[in-house]
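Participant: My questions are about this predicted structure, shown below with the sequence.
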There are 2 protein chains.
Amino acid sequence: MKLATYKDGSRDGQLVVVSRDLTTAHYANGIASRLQQVLDDWGFLSPQLEDLYRTLNQGKARHAFPFDPALCMAPLPRAYQWADGSAYINHVELVRKARNAEVPESFYSDPLMYQGASDDFLGACDDARFASEEWGIDFEAEVAVITGDVPIGATPDEALESVRLLMLANDWSLRNLIPAELAKGFGFFQSKPATAFSPVAATPDELGEAWSGGRVHLTLQSVWNARKVGHCDAGPEMTFHFGQLIAHIAKTRNVRAGSIVGSGTVSNKDWSKGYSCIAEKRAIETIESGEPKTPFMAFGDTIRIEMNGRDGQSVFGAIEQSVASLVE
Amino acid sequence: MKLATYKDGSRDGQLVVVSRDLTTAHYANGIASRLQQVLDDWGFLSPQLEDLYRTLNQGKARHAFPFDPALCMAPLPRAYQWADGSAYINHVELVRKARNAEVPESFYSDPLMYQGASDDFLGACDDARFASEEWGIDFEAEVAVITGDVPIGATPDEALESVRLLMLANDWSLRNLIPAELAKGFGFFQSKPATAFSPVAATPDELGEAWSGGRVHLTLQSVWNARKVGHCDAGPEMTFHFGQLIAHIAKTRNVRAGSIVGSGTVSNKDWSKGYSCIAEKRAIETIESGEPKTPFMAFGDTIRIEMNGRDGQSVFGAIEQSVASLVE
């Protein structure tokens, strides 16, 4: 099942069911108006949405209309939790190697995660607005899941069972604000502005065998200013799977329905696969030649992030954003 | 106006209006069922709640009932944002001095803030459950505000105008998990379990002149195992006022209605006023005698956090929690 949230001027938008091929959609009216509502009562509401999804895919839904990703808010326009991991340890290794820092041994057994802001997400095609290009504007292409309820102390296997939906994320980062912020010791804050998500959130069964072991075994493509810069395999090199990431959160507290958990920048050891964030490209340049060469993003730049299934079709639709100045 | 959220088995509870003296309450049925709903549409809904509040205070509300803090969830049982500052720089100075670390000059102009988890708050009288006493269980008594919408780039003065409600917070901390977690560089995560809030959230006018300059000029009392350990002045030593803290969040992103912003541990230079978290007491002991003497909390311990107005009456009701083992 594929779900999206249409802009309607309200804070939470209107829930729509989207056909498997992303061509048509249907309001979920009569079942649920908001995605959080469905996550709060998944067992009761999701089968009703599945019925509508089936009818829509058969071309028999009575009030279907063409699906337009540009009209989408984030599937959850605001959420009660956005916790982002850095689960591809290769990314951490590269960034650290570029500044001659070691990767602590514990990083291979204890995931890095940060708590992100979740009150104001961006839709897949919304402009990303920043006050200054000097902040080091960077995209970060990721896979993310939305969970059901996970009790405190859940094991990774138990936590994995809670995955309700998958999406893509663009975890915008302001690289030049990060060093001073991390030096303060409390983690990211101003350096992580509003995150964008794919037009569509899909249930795990939509990925077929590509969803395996808590990882998505598909290629994540990043296209920056119409140039393909990343075609990274999201699967085998994900050091910590989603069940492990969710269990990390649940060690000391409950994780409640509608929590979004991100994978961190998808990253491969094979540099020929490109990159899912510019910081990584700059780290490679620094390792190779002593300094970064690729600049961060400028106003007017575009970024497109998408993932195709094994059938070659887009699974979640594309995140397709322009970088814009806050002051018009 | 004073508002609370009664437990009713649902995730968001039932909104109630509470009388100024905290003796009676009335369901807000017919106006709004959940507090987030009111924050989403404050201009329209809050005057209707104010009318009910006035009637309740006059003893004329038809279906009033005795108010019981033990039946309260957090005023917002889950929220779209919980951002906690460390606005009393004395606290930072003490903790750093105890480990022979300097306070960077920037800490006096740039607030320390961390993003907290907001999907599962504790009610004022809920037990705080932890898997292990070895984690270094500590309370942190704070003041917190709930905001309306704040646009990206708002000034501190503009941000201050967005304060809709005030409450008290107990920002539970697991001290022995903090050093390893902060060493990872991404900030607090497992070391900050579910936060508890006072039974009641109050509009700023309820504090009269004690709400001034974005600070609450009242004494915050902390009573640990029936012993008063803190009577700290929350006002003049708050280095950054709430408008400054909110503007810090809004530097790179919008802050949306229902965001909770905390002051951090209330702390005074005058040690005779006691402490609002055990870590501070232990820092003082370390400075005085080379090592901490006061242990952290044990299962069965109780903590009571309360603030009286200038009329001597409790403003928000008391946070009154027991520490309990996760395994019963």
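Facilitator: Received, thanks.
Participant: Now the closest residue to residue A:275 other than its chain neighbours. Its backbone dihedrals?
Facilitator: Nearest non-adjacent residue to residue A:275, counting by C-beta to C-beta, 6 or more residues apart in numbering or on different chains: residue A:281, 4.6 Å away. Quick note: C-beta positions are derived from backbone N, CA and C, even for glycine. Here is the backbone geometry of residue A:281 (degrees, to the nearest 10): phi -60, psi -40.
Participant: isn't residue A:281 right up against residue A:294?
Facilitator: Yes - between residue A:281 and residue A:294 there is a contact under C-beta atoms under 8 Å: 5.0 Å.
Participant: Okay, now the unreliable bits of chain A?
Facilitator: Counting by pLDDT under 70, chain A contains no low-confidence range.
Participant: now the helices for it?
Facilitator: Using DSSP state H, the helices of chain A run over A:35-40, A:42-57, A:89-98, A:156-160, A:178-183, A:242-249, A:278-289.
Participant: contacting residues around the residue in the stretch 51-200 of chain A positioned nearest to chain B?
Facilitator: Proximity of the stretch 51-200 of chain A to chain B (C-beta to the nearest C-beta) peaks at residue A:187, 2.0 Å away. Listed by C-beta atoms under 8 Å, 6 or more residues apart in numbering or on different chains, the contact partners of residue A:187 are A:114-115, A:181, B:114-115, B:185-188.
Participant: 10 Å instead, please
Facilitator: Shown in contact with residue A:187 (C-beta atoms under 10 Å, 6 or more residues apart in numbering or on different chains): A:113-116, A:181, B:113-115, B:181-182, B:184-189.
Participant: PyMOL command for the buried members of the residues you listed?
Facilitator: A single PyMOL command selects the buried members of the contacts of residue A:187 (16 or more other C-beta atoms under 10 Å in any protein chain shown):
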select buried, (chain A and resi 113+114+115+116+181) or (chain B and resi 113+114+115+181+182+184+186+187+188+189)
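Participant: tell me the domain ranges of chain A?
Facilitator: Per automatic domain parsing, the structural domains of chain A span A:2-67, A:76-325.
Participant: Return the most buried member of those domains.
Facilitator: Burial of those is given as mean neighbour count (mean count of other C-beta atoms under 10 Å in any protein chain shown); domain A:76-325 ranks first at a mean of 20.
Participant: Quick one: end-to-end distance for it.
Facilitator: From its first residue to its last, domain A:76-325 covers 25 Å (C-alpha to C-alpha, to the nearest Å).
Participant: now residue A:183: how far from residue B:150?
Facilitator: Applying C-beta to C-beta, to the nearest Å, the value for residue A:183 to residue B:150 is 26 Å.
Participant: Quick check: bridge partners of residue A:73?
Facilitator: Beta bridges link residue A:73 to residue A:5 when assigned by DSSP bridges.
Participant: looking at it, it is touching residue A:194, isn't it?
Facilitator: No - judged on C-beta atoms under 10 Å, residue A:73 makes no contact with residue A:194 at a distance of 11.8 Å.
Participant: Overlap in contacts, the two.
Facilitator: Taking C-beta under 10 Å, 6+ apart as the criterion, residue A:73 and residue A:194 both touch A:121-122, A:126.
Participant: wait, does stretch A:142-157 make contact with chain B?
Facilitator: Yes - remark: stretch A:142-157 sits within contact range of chain B at A:147, A:149, A:151-153, by C-beta under 10 Å from any C-beta of the partner chain.
Participant: For the residue nearest to residue A:275, give me its contacts.
Facilitator: A:94, A:138, A:224, A:229-230, A:271, A:274-275, A:292-294.
Participant: Also residue A:68?
Facilitator: Taking C-beta under 10 Å, 6+ apart, we find residue A:68 in contact with A:4, A:6, A:25, A:125, A:199, A:317.
Participant: restrict the shared contacts of residue A:73 and residue A:194 to those near chain B?
Facilitator: Of the residues in the shared contacts of residue A:73 and residue A:194, proximity to chain B by C-beta under 10 Å from any C-beta holds for A:121-122.
Participant: Just the closest of the shared contacts of residue A:73 and residue A:194 to residue A:242, please.
Facilitator: residue A:121 (19.1 Å; C-beta to C-beta).
Participant: Once you drop chain neighbours, what's closest to that closest one?
Facilitator: residue A:74 (3.8 Å).
Participant: mind checking how far the spatially most central residue of chain A is from residue B:228?
Facilitator: When C-alpha atoms, centre = their mean is applied to chain A, the residue found nearest the centroid is residue A:169 (2.1 Å). Separation of residue A:169 from residue B:228 (C-beta to C-beta): 47 Å.
Participant: which residues do residue A:281 and residue A:294 both contact?
Facilitator: Common neighbours of residue A:281 and residue A:294 (criterion: C-beta under 10 Å, 6+ apart): A:224, A:229, A:275.
Participant: right, and residue A:63 touches residue A:27 too?
Facilitator: Yes - using C-beta under 10 Å, residue A:63 makes contact with residue A:27 at a distance of 7.0 Å.
Participant: Strands of the stretch 1-150 of chain A, start to end?
Facilitator: Assigned by DSSP state E, counting those that start in this stretch, the stretch 1-150 of chain A shows strands spanning A:2-6, A:14-18, A:24-27, A:65-66, A:72-73, A:81-85, A:113-116, A:128-130, A:137-138, A:141-147.
Participant: just checking, what packs against the fifth one?
Facilitator: Looking back up the chat, that one is strand A:72-73. Secondary-structure packing of strand A:72-73 (3 or more C-beta pairs under 10 Å, 6 or more residues apart in numbering or on different chains; DSSP states H and E): strand A:2-6, strand A:14-18.
Participant: and the residue nearest to residue A:121, what does it touch?
Facilitator: Contacts of residue A:74 by C-beta under 10 Å, 6+ apart are A:4-5, A:13, A:35, A:118, A:120-124, A:126, A:167, A:169, A:194-199, A:201, A:260, A:319.
Participant: Kindly recompute the last result at 7 Å.
Facilitator: Residue A:74 is in contact with A:5, A:121-123, A:196-197, counting by C-beta atoms under 7 Å, 6 or more residues apart in numbering or on different chains.
Participant: Next: residue A:17.
Facilitator: Applying C-beta under 7 Å, 6+ apart to residue A:17 gives the contacts A:3, A:25-26, A:28, A:49, A:52-53, A:56.
Participant: and it, how far is that from chain B?
Facilitator: Relative to chain B, residue A:17 is positioned 23 Å away (C-beta to the nearest C-beta, to the nearest Å).
Participant: and what of residue A:29?
Facilitator: 20 Å.
Participant: Let me see the contact set for the closest residue to that residue other than its chain neighbours.
Facilitator: Nearest residue to residue A:29, sequence neighbours excluded (C-beta to C-beta, 6+ apart): residue A:14, at 7.9 Å. By C-beta under 7 Å, 6+ apart, the contact set of residue A:14 is A:5-6, A:8, A:27, A:33.
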